[in-house]
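**Student:** Just a sequence and a predicted model for now, questions to come.
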Amino acid sequence: MNLFGRKKAEPPPPPTSNAGPTVSASSTLNAITKLRDAGDTLDKREDYLNNKIKKETDEAKKFMGQGKKSQALQCIKRKKMYEGQVEKIGQARLNLETQQLALEQLNLNKEVVEAQREGAKTMASVTAQMGEWLSACALRAVCPVPRPRDMSPRHVRYTSPRRVLD
């Protein structure tokens, strides 16, 4: 019983399908393209920040030469902040590259599985054809084709095991 007199709504039933969403090849290629574009954007941002770091370093040196220590310290603080952002960008790029490689590996695995599936179908059809051939051979074994005279078992000489041991 609820304190305020109302029953809670029952949650909707979970989906019955176990398959999950299907992903097309074009969507994975789009994802890979987006990851590459994001990596390019991060590269541009990193270059921009590296230029800012260089400018802040040059300004700090200039201020120290003029004896303006507090302004030089502010430049160094901004430089440290930019370096932290560059570090974060490096981590983000690493994550993007990891995802990109994982998607490419999944695409490769998908192609391999499809090729194996096609090979299995081909092997099954060849095996079925061989089954027809083997059943025809089995019929020949029941009704054998006459063999040449020198291959027939009547002309093979039987030696007893005692003669071999003597």
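**Tutor:** Perfect, I can see it now.
**Student:** Please verify my assumption that Gln100 contacts Lys34.
**Tutor:** No. Assessed by C-beta atoms under 8 Å, Gln100 is found out of contact with Lys34, at 9.5 Å. Quick note: C-beta positions are derived from backbone N, CA and C, even for glycine.
**Student:** Neighbour count for the two, which is higher?
**Tutor:** Gln100 (18 against 13; other C-beta atoms under 10 Å).
**Student:** Report how many residues lie close to the closest residue in space to that one that isn't next to it in sequence.
**Tutor:** Excluding the flanking residues, the one nearest Gln100 by C-beta to C-beta, 6 or more residues apart in numbering is Leu35, at 4.4 Å. Close neighbours of Leu35, defined as other C-beta under 10 Å, add up to 20.
**Student:** Let me see the contact set for Leu35.
**Tutor:** In this structure, Leu35 makes contact with Leu96, Glu97, Gln99, Gln100, Leu103, judged by C-beta atoms under 8 Å, 6 or more residues apart in numbering.
**Student:** can you tell me which of these are in helices?
**Tutor:** Taking DSSP state H, the ones among the contacts of Leu35 that sit in helices are Leu96, Glu97, Gln99, Gln100, Leu103.
**Student:** which one of the residues you listed sits closest to Gln116?
**Tutor:** When those are compared for distance to Gln116 (C-beta to C-beta), Leu103 comes out closest, at 20.4 Å.
**Student:** hang on, isn't the closest one packed against Ile32?
**Tutor:** Yes. Here Leu103 reaches Ile32: they are 5.2 Å apart, a contact under C-beta under 8 Å.
**Student:** elements contacting the helix or strand hosting Ala124?
**Tutor:** Element membership for Ala124 (DSSP states H and E) is helix 69-142. For helix 69-142, the contact count by 3 or more C-beta pairs under 8 Å, 6 or more residues apart in numbering; DSSP states H and E identifies helix 25-66 as packing neighbours.
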